[in-house]
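Trainee: sequence plus predicted model, see below.
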Amino acid sequence: MQVPSILSPPDLFDAEHQALLAAQAAHAAGAATGAAACHQALGDLLAAYERLLRETRRLVRRSDRAELEMTRLNQRLQDLAAELEHRATHDPLTGVFNRAAIIEHVNRTFARQDLGLIVLDIDHFKRVNDAFGHPVGDTVILGVIACLQQAVPPAAEIGRVGGEEFTVLLPGQDIQASEQVAHAARQAIASHRFRLPDGSGITASFGVSWLPCGHCFDDAYDLADQALYAAKRAGRNRVVRAPIPEHA
């Protein structure tokens, strides 16, 4: 005799299976079995079938609930993954790309096309924080971002690479077009009402660089950063274009 494995799961429908075997045996015996035995076998089979339907419906409902819960959990996991990715690549205050993300975007863009890069710095930003506090400074930063978003073309990507320093990535733009974008952004910031407690305004200085496909972030940033400091030395609130290197 074969001994069932202790690891075998219990048969949820063993009673129904036995009733089916008994009904099959009564049917096979035919007239010799007798009406009473056939009636009993049929009754047992009907009861077993009704129980089987109830159990099947219960299992189906439980399966549907489990599937729905798994779908909800899967959606929640996807939402959390997207949230984590956004936090890893975006500045928490402004919502624009952080330094690591903008570096990655610049390098990826250089792998396939030319690139204009704008680097800008808010003029005398330390005075704002010292005079009015960091919450007012944060409001100024958000205002500068709003000005940039209005001034740059749709294909541009904005990044915050420092406390008051930002970049604008301009894929496929030449140096003249990139410089025009910088002038528009400078004017937008200079004319924006930041509502500082003393009524003063905010300006920014800009450096612009352009390099062809095949370069990297450090190449473009170094050129634009040098132009930015030239703008600072020249009196701030202006745009300076970096010369295109001869090898480019």
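Mentor: Thanks, I have it.

Trainee: got the residue ranges for the helices in this protein?
Mentor: Remark: helices assigned in the chain by DSSP state H are 14-29, 35-89, 99-110, 125-132, 134-151, 175-191, 217-233.

Trainee: can I get those helices in a markdown table with distance to residue 201, mean pLDDT and mean neighbour count?
Mentor: From N, CA and C alone the C-beta is placed, and that goes for glycine too. Formatted as a markdown table, these follow (distance: least, C-beta to C-beta, whole Å; pLDDT from 0 to 100; neighbours: other C-beta atoms under 10 Å):
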| stretch | distance to residue 201 | mean pLDDT | mean neighbour count |
| --- | --- | --- | --- |
| helix 14-29 | 84 | 69 | 15 |
| helix 35-89 | 32 | 84 | 12 |
| helix 99-110 | 27 | 96 | 18 |
| helix 125-132 | 11 | 96 | 15 |
| helix 134-151 | 10 | 97 | 17 |
| helix 175-191 | 7 | 98 | 19 |
| helix 217-233 | 17 | 97 | 19 |
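
Trainee: CSV for the ones you listed, including distance to residue 240?
Mentor: CSV is the format used below for these (distance: least, C-beta to C-beta, whole Å):
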stretch, distance to residue 240
helix 14-29, 86
helix 35-89, 29
helix 99-110, 20
helix 125-132, 19
helix 134-151, 17
helix 175-191, 9
helix 217-233, 4
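
Trainee: which one of those lies closest to residue 204?
Mentor: Closest of the helices of the chain to residue 204 is helix 175-191, at 5.0 Å (criterion: C-beta to C-beta).

Trainee: the closest one - contacts with which helices or strands?
Mentor: strand 115-122, helix 134-151, strand 165-171, strand 204-211, strand 239-241 (3 or more C-beta pairs under 8 Å, 6 or more residues apart in numbering; DSSP states H and E).

Trainee: quick one: which of those is nearest residue 49?
Mentor: The minimum distance between residue 49 and those falls on helix 134-151, with 68.0 Å, by C-beta to C-beta.

Trainee: in CSV: the helices and strands packed on helix 175-191, plus distance to residue 36.
Mentor: Converted to CSV, the helices and strands packed on helix 175-191 look like this (distance: least, C-beta to C-beta, whole Å):
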stretch, distance to residue 36
strand 115-122, 93
helix 134-151, 88
strand 165-171, 89
strand 204-211, 98
strand 239-241, 105
